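Peer 1: Sequence first, then the predicted structure:
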Amino acid sequence: MGASSVVADGWGWRFGANPSRGIVGGSFTIKPGERVLLLGPSGSGKSTLLRALAGVLAGDEGQQSGRLTVDGVSPSHARGRAGLVLQDPQAQVVAARVGDDVAFGCENLGIERSEIWERVSRALAAVNLIHDLNHSTAHLSGGEKQRLAIAGALAMRPGLLLMDEPTANLDSVGATSVRDAVLAAHEQDDITLIVVDHNVDLWVPYMQRVIVLGKDGDVVLDTSVERALSDHIEQLTELGVWLPASPVLEPFAGGSAMPDAPVMFATQLDVARPHSSRLGLDLTETFRESELSAIVGANGVGKTTLALTLAGLFAPASGHVRASEDLWFSSGGRIRPLTRRQRSVEWLSPHRWSSRDLARRIGTVFQSPEHQFVRATVREEIALGLTLAGVRGRAAEQRSDELLARLHLENHADAHPFALSGGQQRRLAVGATIAAQPKVLVVDEPTFGQDAHTWREVIGLVFEARSGGCAVIAATHDQRLSELADRRIQLGGGA
Amino acid sequence: MNPLAKFLTALVVAIALLASLNPFIAGGLLLVELVALPFVGLSPRKIARVGWPIAVAALLATLTTALYGRPFGHTYWAWGPILITEGSLILAVTIGLRVLAIGLPGVVLFATVDAVDLADALAQLWRLPQRFVYGALAAMRLIDVLAEDWQTLSLARRARGLGAGRLPLATLGRRFAQVFALFVLALRRGSTLALAMDARGFGAPVQRTYARPSLWRPRDSVLVTVMSLVAGGVIVLSVIWGSGVDGIG
């Protein structure tokens, strides 16, 4: 049927559950075969627009205004014309086997069996996913899962391919492989392409047109990629769009020149998740106050496992992680009656500490903020950290207000953490951890899929903690962050 | 074999055994199953790996029945409430054999049937609603993800000072809160998966086709018919023979 055309004519959407959330009408026309990069600040309705175009925005979820068509008809009457790929690689695997997963869309569209398998092979080849059809989907890497999702969409022979932040959870190798798969698909099939992605650098050379949505979902810029990058840099920067020349290094001065006191030691350390094989490390490092150490390496090499072991959450597979006595006593640690064996080794091993002892000395910010929220409001999240630090009464209230203001969450103090936007959740996760005044801060991919604004906010908070004497350990594949580090611990070879 | 044929076979064997309480019937059926085992293409090691809980359950059932089962006949040993008699020993053996004979087909079913194939069979042969069958199948993908979520939640709670503590009551409360957090995560993941499925045309107003045909072959009919006849015969025999021991059953 060829590539699809898209027309939005003052199209807007208001959510039934939360009428204050929604997008006002925007208008644009996309010609068949165009490659469009769709940008906008978080909350501008990019995802909502893509879902509407895919025909999966249920009528009972909200109220539509204006008109939106794919090939001249309402998207909900053109199921299968648009393929949609989402951000989270984990969340969109449908079947246990690679072949079945790609075939799923074809089955739903009622394609003949013989043709389904022809399409499946072709789609898998297009995204360069060379696996047996019976290969288990659970064993695919993040980048492979995303390419599987693209293959699943391609097998439906869509005229329109919609990508909703497809590379946000991937390292640069995975992101590049996904982008190449999308471009190959565009090359091979007659297809219109709409991509939403913070990582503009990755896509810009291959896109024709940029459409930028404003805060309320109206179209604020609609132009060619060349013009956008020459004439509208300021506007894009304001929106938090990552640009090839985004200045990020300025506000973050390095640590002090003098070597600071050591807080933690790793000795011949090897790590493993419970019931999993070891990484085969032999790491000996000293972590010092006011120092930023970056654990770098590709997705899946075990950066998180190492970071969480240093954080006292996993026991070392071999070797030791030891705290300095300063770290133990810094938070009012008392010498308890210990056995001789304990005195020699155990009492300075963070993974042996009680949960309370650990939390007030070593703070950990997890990759996904949703995992670490434990209270019903933003204010209580911060109060928990302050309680651990022993800040009480009037002082706690004052500190809590200061932190809320610093996090720009003063207007959301009584909101549920889950009700916050992605960027707000990141800030809260870091803020609530810092509130406990740990001497070591472990952060796991703190900048995952963030726009430039949130990036700066989160890194700013981390660097403030560092200036205050905190030893920071960051697991990251973000080049921008690792370049700011005082030193890098490279995992899994490479440079 | 079609997964549904295996399922029906396991079902009729279980019904026959539940209807009878006779050591010879349970033992006989177990013997038939053991003879048939080499033909289903499972290595003894795999059976042991999947089936050990059944063996443990059989052993426990045997022991408790031997010690506490209804007393009858000659008494071998008595100590407090424990009373080992001729009757309780025979009953114990019967129950142990019965658990094994019911459990073994279940183990084979579990180890040889792919969930996808069973879903295909349920949708194509029994015409169960596709939304239900394939929705449930996709949800099974989430179990692994949720297991990981649970582990991460535990770590995160320890990191925030809310890990398992010394007070059991507080720990219990925290576990409950963690279960609730997992529940919320499951809902969010589930709705994302549903969205991804809808985006692939799931539930589109078209007659769905099937990439993998689920075939019911003559040998499937033979297996189910033969096993139903055996099961029927067993029930008849158990009515004629009773429990094989006077005073029981």
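Peer 2: Right, received. Where do you want to start? Everything quoted here is computed from the prediction, not taken from an experiment. Residues are numbered from 1 along each chain as shown, chains lettered A, B, ... in the order given.
Peer 1: host element of the most centrally placed residue in chain B?
Peer 2: Chain B has B:Gly106 as the residue nearest its centroid, 5.5 Å off, counting by C-alpha atoms, centre = their mean. Secondary structure assigned from DSSP states H and E places B:Gly106 in helix B:86-112.
Peer 1: Can you tell me the element B:Trp150 falls in?
Peer 2: Going by DSSP H and E, B:Trp150 is in helix B:130-159.
Peer 1: How about the following helix or strand past that helix, which residues are buried there?
Peer 2: Downstream of helix B:130-159, the next assigned helix or strand under DSSP H and E is helix B:168-199. By neighbour count on 16 or more other C-beta atoms under 10 Å in any protein chain shown, the buried set for helix B:168-199 is B:174, B:178, B:181, B:185-186, B:189-190, B:192-199. Using the backbone N, CA and C atoms, a C-beta is placed for each residue, glycine as well.
Peer 1: Quickly check: helix B:168-199 near chain A or not.
Peer 2: Yes - applying C-beta under 8 Å from any C-beta of the partner chain, one finds helix B:168-199 touching chain A at B:177, B:181, B:184-185, B:188-189, B:192-193, B:195-199.
Peer 1: Tabulate the residues you listed in a markdown table, adding columns for pLDDT.
Peer 2: Formatted as a markdown table, the residues of helix B:168-199 next to chain A follow (pLDDT from 0 to 100):
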| residue | pLDDT |
| --- | --- |
| B:Ala177 | 89 |
| B:Ala181 | 92 |
| B:Val184 | 90 |
| B:Leu185 | 90 |
| B:Arg188 | 88 |
| B:Arg189 | 89 |
| B:Thr192 | 89 |
| B:Leu193 | 91 |
| B:Leu195 | 91 |
| B:Ala196 | 92 |
| B:Met197 | 92 |
| B:Asp198 | 91 |
| B:Ala199 | 92 |
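Peer 1: Let's have the residues you listed in CSV, adding distance to B:Pro23.
Peer 2: Shown next, in CSV, are those (distance: C-beta to C-beta, whole Å):
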residue, distance to B:Pro23
B:Ala177, 50
B:Ala181, 50
B:Val184, 51
B:Leu185, 49
B:Arg188, 53
B:Arg189, 49
B:Thr192, 53
B:Leu193, 49
B:Leu195, 55
B:Ala196, 53
B:Met197, 50
B:Asp198, 55
B:Ala199, 57
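Peer 1: what comes into contact with the helix or strand harbouring B:Val116?
Peer 2: Per DSSP H and E: B:Val116 is located in helix B:115-124. Contacts to helix B:115-124, defined as C-beta atoms under 8 Å, 6 or more residues apart in numbering or on different chains, come from residues A:95-97, A:100, B:2-4, B:7, B:128, B:130, B:133-134, B:136-137, B:140, B:210, B:212-214.
Peer 1: Put the buried members of those residues into a PyMOL selection.
Peer 2: Buried subset of the contacts of helix B:115-124, written as a PyMOL selection, criterion 16+ other C-beta under 10 Å:
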select buried, (chain A and resi 95+96+97+100) or (chain B and resi 2+3+4+7+130+133+134+137+212+214)
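Peer 1: Please identify which pair of the residues of helix B:168-199 next to chain A lies farthest apart.
Peer 2: B:Ala177 and B:Ala199 (33.7 Å; C-beta to C-beta).
Peer 1: on that earlier part again, the residue nearest to the centre of chain B: what's it in contact with?
Peer 2: So B:Gly106 contacts B:10, B:14, B:54 (C-beta under 8 Å, 6+ apart).
Peer 1: A:Arg288: which of the residues you listed is nearest?
Peer 2: For those, the nearest to A:Arg288 is B:Ile54 (56.2 Å; C-beta to C-beta).
Peer 1: Assign that closest one to helix, strand or coil.
Peer 2: helix (DSSP: H, G, I helix; E, B strand; the rest coil).
Peer 1: count of residues packed around the residue lying closest to it once chain neighbours are set aside?
Peer 2: Counting by C-beta to C-beta, 6 or more residues apart in numbering or on different chains, B:Gly103 is the residue found nearest to B:Ile54 once chain neighbours are left out, at 3.4 Å. Residues within reach of B:Gly103, counting by other C-beta atoms under 10 Å in any protein chain shown, total 20.
Peer 1: Identify the residues contacting B:Gly103.
Peer 2: Counting by C-beta under 8 Å, 6+ apart, B:Gly103 has contacts B:51, B:54, B:57-58.
Peer 1: That one and B:Asp114, how far apart?
Peer 2: Per C-beta to C-beta, to the nearest Å, B:Gly103 is found 20 Å from B:Asp114.
Peer 1: same question, B:Leu142
Peer 2: 18 Å.
Peer 1: B:Phe7 now?
Peer 2: 13 Å.
Peer 1: Check A:Ser65 too.
Peer 2: Applying C-beta to C-beta to A:Ser65 and B:Asp114 gives a distance of 47 Å.
Peer 1: ok, now A:Gly390?
Peer 2: 56 Å.
Peer 1: Break chain B down into its domains, please.
Peer 2: B:3-120+B:215-241, B:130-199 (automatic domain parsing).
Peer 1: how far out from the middle of the chain is stretch A:278-297?
Peer 2: 22 Å (C-alpha atoms, centre = their mean, to the nearest Å).
Peer 1: quick one: stretch A:183-199 near chain B?
Peer 2: No - judged by C-beta under 8 Å from any C-beta, stretch A:183-199 makes no contact with chain B; its nearest approach is 13.6 Å.
Peer 1: End to end on that stretch, go ahead and measure it.
Peer 2: The first and final residues of stretch A:183-199 sit 16 Å from each other (C-alpha to C-alpha, to the nearest Å).
Peer 1: Buried residues in it, which are they?
Peer 2: A:184-186, A:189, A:191-199.
Peer 1: Pass me the low-pLDDT residue ranges in the chain, would you?
Peer 2: No chain was given, so I picked chain A. A:1, A:16-22, A:59, A:244-259, A:331-346, A:493-495 (pLDDT under 70).
Peer 1: please go with chain B instead
Peer 2: Ranges of chain B meeting pLDDT under 70: B:166, B:243-249.
Peer 1: again, 80 this time
Peer 2: Filtered on pLDDT under 80, chain B yields the residue ranges B:20-21, B:36-44, B:69-73, B:81, B:110, B:164-170, B:238, B:241-249.
Peer 1: First residue to last residue on stretch A:366-374, what's the distance there?
Peer 2: With C-alpha to C-alpha applied, stretch A:366-374 spans 13 Å between its terminal residues.
Peer 1: just how off-centre is it within its chain?
Peer 2: 12 Å.
Peer 1: contacting residues around A:Leu461?
Peer 2: Taking C-beta under 8 Å, 6+ apart, one finds A:406-407, A:427, A:430-431, A:434 in contact with A:Leu461.
Peer 1: Next step: those residues restricted to helices.
Peer 2: Among the contacts of A:Leu461, the ones falling in helices (DSSP state H) are A:406, A:427, A:430-431, A:434.
Peer 1: what about residue 125, neighbour count?
Peer 2: Because you didn't say which chain, this covers chain A. Residues lying near A:Ala125 (other C-beta under 10 Å) number 13.
Peer 1: nope, chain B please
Peer 2: Count around B:Leu125 with other C-beta under 10 Å applied: 16.
Peer 1: Kindly spell out which helices and strands sit in contact with the strand or helix carrying A:His320.
Peer 2: Secondary structure from DSSP H and E places A:His320 in strand A:318-323. Here strand A:318-323 touches strand A:262-270, going by 3 or more C-beta pairs under 8 Å, 6 or more residues apart in numbering or on different chains; DSSP states H and E.
Peer 1: residues of whichever helix or strand comes after the strand it packs on that come out buried?
Peer 2: Where DSSP H and E defines the elements, the next helix or strand beyond strand A:262-270 is strand A:283-288. For strand A:283-288, the neighbour count (16+ other C-beta under 10 Å) marks A:283, A:285, A:287-288 as buried.
Peer 1: Point me to the residue of the stretch 201-350 of chain A nearest chain B.
Peer 2: Among the residues of the stretch 201-350 of chain A, A:Leu313 lies closest to chain B, at 4.6 Å counting by C-beta to the nearest C-beta.
Peer 1: Next, that residue: secondary structure please.
Peer 2: Taking three-state DSSP, the label given to A:Leu313 is coil.
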